[in-house]
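A.B. asks: Requesting a structural model of the entry that follows:
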Amino acid sequence: EVRLVESGGDLVQAGGSLRLSCTFSGFTFDDYSIGWLRQAPGKERKVVAAIGPSVGSTYYEDSVKGRFAISSDSAKNTVYLQMNSLKPEDTAAYYCAAGHLVDSVFYPAAGYWGQGTQVSVSS
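C.D. replies: Take a look at the predicted model:
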């Protein structure tokens, strides 16, 4: 059974930091890339970062470059999203998904999603 579970969301002040975790089971990191997506109220879900099994295979959406860092611990089947210098516009539900990272485009696999964790950034 494929399962992805996010954790680490919280309410923080602007300028603060959070680290989100995505722990997965039912597949290995050799088979799939992992992406972090976020969805703010009334907006579409969009990819903010992704990491593939190859060394250096990462993607960042422009608005988070230099502030967010994605990393993986294959021994723990966990992918992290370190978020620094948070802004109110980072407020969203954050989801992790398994999929494929190809030429800096992340394609989530159908059904390979977590339930999400809420990040709220106050001004």
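
A.B. asks: Can you check the pLDDT for residue 28?
C.D. replies: For residue 28, the pLDDT comes out at 89.

A.B. asks: got a list of what it touches?
C.D. replies: By C-beta atoms under 8 Å, 6 or more residues apart in numbering, residue 28 lies in contact with 74, 77. C-betas here are computed from N, CA, C, even on glycine.

A.B. asks: same deal with residue 1?
C.D. replies: 25-26.

A.B. asks: What pairs with the lowest-mean-pLDDT helix or strand in the chain, parallel or antiparallel?
C.D. replies: Lowest by mean pLDDT, DSSP states H and E among the helices and strands of the chain is strand 105-113, with a mean of 92. In the sheet, strand 105-113 lines up against strand 92-102 (antiparallel) (DSSP bridges).

A.B. asks: what about dumping the CA coordinates of the strand it pairs with to PDB?
C.D. replies: Taking C-alpha atoms only, strand 92-102 is exported to PDB below (Å, rounded to 0.1, in the frame of the first residue of the first chain):
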ATOM      1  CA  ALA A  92      -1.100  27.300   2.200                       C
ATOM      2  CA  ALA A  93      -1.800  23.600   2.700                       C
ATOM      3  CA  TYR A  94       1.400  21.700   1.700                       C
ATOM      4  CA  TYR A  95       1.200  18.300   0.200                       C
ATOM      5  CA  CYS A  96       3.900  15.800  -0.700                       C
ATOM      6  CA  ALA A  97       3.500  13.600  -3.700                       C
ATOM      7  CA  ALA A  98       5.400  10.900  -5.500                       C
ATOM      8  CA  GLY A  99       6.000  11.200  -9.200                       C
ATOM      9  CA  HIS A 100       8.700  11.900 -11.700                       C
ATOM     10  CA  LEU A 101      11.000  14.900 -12.100                       C
ATOM     11  CA  VAL A 102      11.800  15.300 -15.800                       C
END
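
A.B. asks: Contacts for that strand, please.
C.D. replies: 2, 4, 6, 9, 20, 22, 24, 27, 32-40, 43, 45, 48, 50-52, 57, 59, 79, 81, 106-109, 112-119.
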